[in-house]
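> Got a predicted structure here, sequence first:
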Amino acid sequence: MNILAWNYRGVGAPRAIHEVTKLVNFVRPQIVFLSETKKRKDEVEWLRARWGFKGCFTMDCIGRSGGPAILWQEDWSVSIRSYSQFHITVDIVATDFEPWCFVGFYGQP
């Protein structure tokens, strides 16, 4: 199982997107958590499709801050437990693993 957590920090330049795409292709994670995307939902959805993930949940940024996102592969069942501008908590069921919980957060606890 591979999980990639990245403080995206609103990176939107084509070169930066290219570099993160190379990392996703190299690591081949089942879960990607992006903190502080500073992106709208449709922009994160574009990344989901580009990287080949089945599912995506994100919070729109507020102004120039926030916007956590989680993306997951097709063979995983993900249920959103709670979320805010600073965190996303999900329950995960995957083949060959016991059900488990993932919490991705950044900023203030």
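Structure's in. What do you need? Residues are numbered from 1 along each chain as shown.
> mind listing the strands in this protein by residue range?
Under the criterion DSSP state E, the chain contains strands at 3-7, 31-35, 55-58, 69-72, 76-83, 87-94, 100-105.
> mind showing which ranges of this structure have poor pLDDT?
Applying pLDDT under 70 to the chain flags residues 10-12, 64, 108-109.
> So for it, the centremost residue is which one?
residue 70 (2.6 Å; C-alpha atoms, centre = their mean).
> Counting neighbours, what do you get for residue 47?
22 (other C-beta atoms under 10 Å). C-beta: built from backbone N, CA, C; applies to glycine.
> any idea how far residue 19 is from residue 25?
Using C-beta to C-beta, to the nearest Å, one gets 11 Å for the distance from residue 25 to residue 19.
> about what we covered before: for the residue nearest to the centre of the chain, give me its contacts.
31-34, 56-58, 78, 88, 90, 102, 104 (C-beta atoms under 8 Å, 6 or more residues apart in numbering).
> what's the spacing between it and residue 59?
For residue 70, the distance to residue 59 - C-beta to C-beta - is 10 Å.
> what residues are shared contacts of those two?
Shared contacts of residue 70 and residue 59, counting by C-beta under 8 Å, 6+ apart, come down to residue 88.
> Across the sheet, point out what pairs with the residue nearest to the centre of the chain.
Residue 70 has these beta-bridge partners by DSSP bridges: residue 33, residue 57.
> okay, now the spatially closest residue to residue 81 that is not a sequence neighbour: neighbour count?
For residue 81, ignoring the flanking residues on the chain, the nearest one in space by C-beta to C-beta, 6 or more residues apart in numbering is residue 89 at 4.3 Å. For residue 89, the neighbour count with other C-beta under 10 Å is 16.
> Residue 41 now?
Neighbours around residue 41, by other C-beta under 10 Å: 16.
> From residue 48, how far out is it?
Residue 41 is 10 Å from residue 48, by C-beta to C-beta.
> Give the closest residue to residue 73 in space, chain neighbours not counted.
Nearest one to residue 73, counting by C-beta to C-beta, 6+ apart, is residue 30 at 4.6 Å.
> residue contacts, that neighbour?
1-3, 72-73, 75-76, 94.
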